[in-house]
Structures are given as structure tokens and as C-alpha cells.
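>>> Structure for the following, please:
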Amino acid sequence: MKGKLKMKRYCTGKLHGTAVFLDIRNFLGISGILENEKICKFVIDVMEPLSYCVIKHSGRVCQIQGDGIMAIFEHNDNPHHAISAVECALDMQAILDKLNPIEMDGIRIPLKARIGVCCGDMYACFLNVQGHKEYLVLGKSVNLASRYQNINKHYNTKILVDESVFSYIKEYIITRKLDNVKIEGCGDNKQLYEILYDRREEEHRHRIKAHYEKGLVNYLQGNLDDAIHWFSMVSEDKASYLMMERCQEMKILQDVKAKEAKKKK
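Numbering: from 1, shown residues only. Prediction:
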């Protein structure tokens, strides 16, 4: 019964969606300085959180290699598959930033990755190898996502997409129009865009800035209650949290001084 339920999660035949390829930079060099057991641990420590990230964004991990992940975001699972795929790519880079550098046997290993994303029609099927089924997703979009991942090397970029993805995400994600590139084996040139950050992150940054500055003005004017109000609006920002604590401490001190002055009278 569990097997049947699991099988329903996989779409076979024609599908539409977004393919994501991630490749860890300099994996060959990393492999050259670690023993096989440590290489395995390195792969687990890195690939597990990245795979969970794909699942969190409603994607499906199709392949995991020593230095890479291929994932698919299907339209049937999520009509906003392209946006989810790019948000996943941004989150994966954030995960790697937190893990970086990984330390093993006293060796600090820098951790960076290249990601390519492409949207389009694909074909999914199962390949039966000695009783074990491998899920395969094939198509031009898959091949292009892999190519874009590799093209990052040339521009020293992290995430590249083309028009097929940009048309979905342009209202939500900040990008940079990068270059018009001839792709080997592809008839026409592809306009590539570098993914920079989520527009909502930009809005969040502006909100923190605006609330903090309002809080600071009120703090400097001695309006501690108003200052606490504005700082509390973005208390997840450490500076805002510290300022809010300072205001609360100053209020307590003011209360103590007021009580002492009252006693003297």
C-alpha cells in the first residue's frame, strides 16, 4: 500500500515544469584532499539539507551525484513552479553560505555552488535496473538547465536562468540581464539573466530600515514608548532588538529616578 501511494507522487509521460541543476564548485579538488570516508560525510552534510530544501519548495529530487543535484518542479504539483524553483535556488545558496566553510580533519573547505534553471516541456519515465526503478526526466529544458549551471563558470555567477523562467519571476525576483549566449547544440541564442535576490527580501530590508530609523528618531527625542513601538515592528533585526532593550532599561531607570525624586519631596 505504501508503495502504491509513493508511486502516485511521480508523473510519467509528458509534463511541464522547471528543471534545476546544482553543482558544487571544485568538488574534484575537495575529493583530492579528503579520504573516501570523509568525502562521503562531506556529501551527506551538504546534499541532505539541499535536498530537503527542494522538497520544502514543492520540488522533486531526481538525481543526487557526489557534487550535484537535479530537481524538477512540476506544473501539476505547483502552478507557480518557476517561482518556487528560483526561490529554492536562492535558499540553497543561503544554506551553503551558512555551512561555509565546512571543516574536516582540521581542513577548512570553502563551499560554493553553481545553479542553472530552465522552464519548459519534459518527458518523465521509469528506468528499471535489476528490479530497482530510477526516475528519469528528459528534455531540452533539462539539458539547458544543466548548460546554464556550467555557464556560471564563465561569468563567476551563482544562478542563471533564461527567458523561459524570467517571464514568470520578473515581478518577484531581482535579476540582472547578463548576456545573449550561443548554446552549443541549440539553434538559437539564449538571453541569460543572473538571479540576485527575492524582491520580497528587498521590501523587507526597506521595512527594517524605515521602522528602525523612526525608532531611532523617537529614541533620540526621548519618546521611549514610541521608539519601542517602532523597534518592536522589526525586532528580528538584532540592532532593533538591542535598541528596544535599551529603551526599556531607560524607562525603568526613569521610573526609579521619578520615585526617588518623589520621596525627597
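>>> CA only for contacts and neighbour counts going forward, please
OK.
>>> where does this structure have low pLDDT?
By pLDDT under 70, the low-scoring segments of the chain are 1-10, 200, 265.
>>> all helices of it, in order?
Assignment of helices within the chain using DSSP state H yields the ranges 2-7, 27-33, 36-56, 81-99, 140-155, 163-169, 199-220, 224-232, 238-264.
>>> quick one: contacts of the second one?
The reference is to helix 27-33. 39, 67, 109 (Cα atoms under 8 Å, 6 or more residues apart in numbering).
>>> quick one: it to chain centroid distance?
Centroid separation between helix 27-33 and its chain, computed with Cα atoms, centre = their mean, to the nearest Å, is 25 Å.
>>> Identify each buried residue in that helix, please.
27, 30-31 (16 or more other Cα atoms under 10 Å).
>>> Export only the CA atoms of it, formatted as CSV.
In CSV, the C-alpha atoms belonging to helix 27-33 read as follows (Å, rounded to 0.1, in the frame of the first residue of the first chain):
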residue,chain,number,x,y,z
PHE,A,27,34.5,19.0,-6.0
LEU,A,28,37.4,17.3,-7.7
GLY,A,29,39.8,19.4,-5.7
ILE,A,30,37.9,18.7,-2.5
SER,A,31,38.0,14.9,-3.3
GLY,A,32,41.7,15.1,-3.7
ILE,A,33,42.4,16.3,-0.2
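>>> Identify each buried residue in stretch 87-98, please.
Buried, per 16+ other Cα under 10 Å, within stretch 87-98: 87-93, 96.
>>> contact partners of that stretch?
So stretch 87-98 is in contact with 20, 46, 49-50, 53-54, 57, 111-113, 115, 159, 197-198, going by Cα under 8 Å, 6+ apart.
>>> Which members of the residues you listed are the farthest-apart pair?
Pairwise distances across the contacts of stretch 87-98 (Cα to Cα) peak at 23.1 Å, for the pair Val46 and Asp198.
>>> How many residues are close by the closest residue to His75 other than its chain neighbours?
Excluding the flanking residues, the one nearest His75 by Cα to Cα, 6 or more residues apart in numbering is Gly17, at 5.0 Å. Using other Cα atoms under 10 Å, Gly17 has 24 neighbouring residues.
>>> what pairs with Gly17 across the strands?
Beta bridges link Gly17 to Glu74, Gly120 when assigned by DSSP bridges.
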